[in-house]
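Visitor: fold the following and give me the result.
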Amino acid sequence: LFDRVGKKLVITDSGTYVLKYARAIKDLENELISNLGHANQLIGRELSLGAQESVPKSVLANTLSTIRKVRPVSIKVTEGTGEELFSLLTENKIDIFIGNFRPMSVSKELLYKPLGKEQVCVWGPEEMRRLKKNFPKSLEGQNFVLPGLHNQLRHDFEKFMLQHGISYNVAIEAQDTALQKELAARGNCLVLIGEESAQAWVSSGRLVKLGELPGLKEEYWLGMVRKTLDNEYIKSIMDVLEKHG
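Guide: This next block holds a predicted model:
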């Protein structure tokens, strides 16, 4: 790395090359020491949240915003079906579950609480506005995009239509509410969603409210493993979400 020239040491080309790396390593060391305190503050601040696909994106976005206001946590969102996320919750792979799916039987280790609900209405494109007249009988023979059979809203809707003697067609089955609304807006079928979830689409003129279905409400649930409540910030998040719900 050095050559002796008289009484002096002169750095060689190889020495100059090594020196660049040495300085880079020193800079990384200084950066590590500087950031270590900040990193310690972030340890344990990541929240793993499971969001059911059928939950409207507006509801999910509002929930994430609320969580961030409570504590500046780093949030990792995993989307899936109710059954998939329920399994992840029981296996402690997610901290909190948000969806409209609530298992028929819940173990003592799990805590499920209602997060909120909204009135369900039937929506369609502007050209279907005529169905507002004589609603809900006007739905006779219409095409719908509906969630899967495991969805509670699907069961409630089918029960309502059966009780009122109204036949209909399941044109498309899809879980994602954004896709449901897009399909309805394009005139493919009618969709069942809550008033709040449809607000942006109504404002843009892409969807029109055809009528309310009495007694049909979309209910959202908050689920988590009871022992997770030992974590102070997750408990505070859960408390605030319940209040906002």
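
Visitor: the lengthiest strand in the chain pairs with which strands?
Guide: Ranked by number of residues, the top strand in the chain under DSSP state E is strand 208-225. Each strand paired with strand 208-225, and its direction, by DSSP bridges: strand 96-99 (antiparallel), strand 110-124 (antiparallel).

Visitor: what comes up buried for that strand?
Guide: Of the residues in strand 208-225, those with enough neighbours to count as buried (16 or more other C-beta atoms under 10 Å) are 208-211, 213, 216, 218-225. C-beta here means a position set from N, CA and C on the backbone, and glycine is covered the same way.

Visitor: what ranges do the helices span in the protein?
Guide: In chain order, the chain shows helices spanning 13-42, 57-70, 82-90, 152-163, 177-185, 195-203, 232-244, with DSSP state H as the criterion.

Visitor: give me the angle between the fifth one and strand 208-225.
Guide: It refers to helix 177-185. Between the axis of helix 177-185 and that of strand 208-225 there is an angle of 170 degrees, by axes from the mean of the first three to the mean of the last three C-alpha atoms, to 10 degrees.

Visitor: list the buried residues in helix 177-185.
Guide: Under the neighbour-count criterion of 16+ other C-beta under 10 Å, helix 177-185 has 177, 180-185 buried.

Visitor: centre of the chain versus it, how much separation?
Guide: Offset of helix 177-185 from its chain centre (C-alpha atoms, centre = their mean, to the nearest Å): 17 Å.

Visitor: where in this structure is pLDDT low?
Guide: Segments of the chain classed as low confidence (criterion: pLDDT under 70) are 31-45, 101-108, 227-235, 238, 240-245.

Visitor: show me the contacts for the residue nearest to residue 52 when sequence neighbours are not counted.
Guide: What sits nearest to residue 52 in space, not counting adjacent residues and going by C-beta to C-beta, 6 or more residues apart in numbering, is residue 99, at 2.8 Å. Residues in contact with residue 99, defined by C-beta atoms under 8 Å, 6 or more residues apart in numbering, are 50-52, 54-55, 82, 85, 220-221, 223.

Visitor: can you count the residues close to residue 98?
Guide: Here the number of neighbours of residue 98 (other C-beta atoms under 10 Å) works out to 25.

Visitor: hang on, it packs against residue 55?
Guide: Yes. The pair residue 98 and residue 55 qualifies as a contact (C-beta atoms under 8 Å) at a distance of 6.2 Å.
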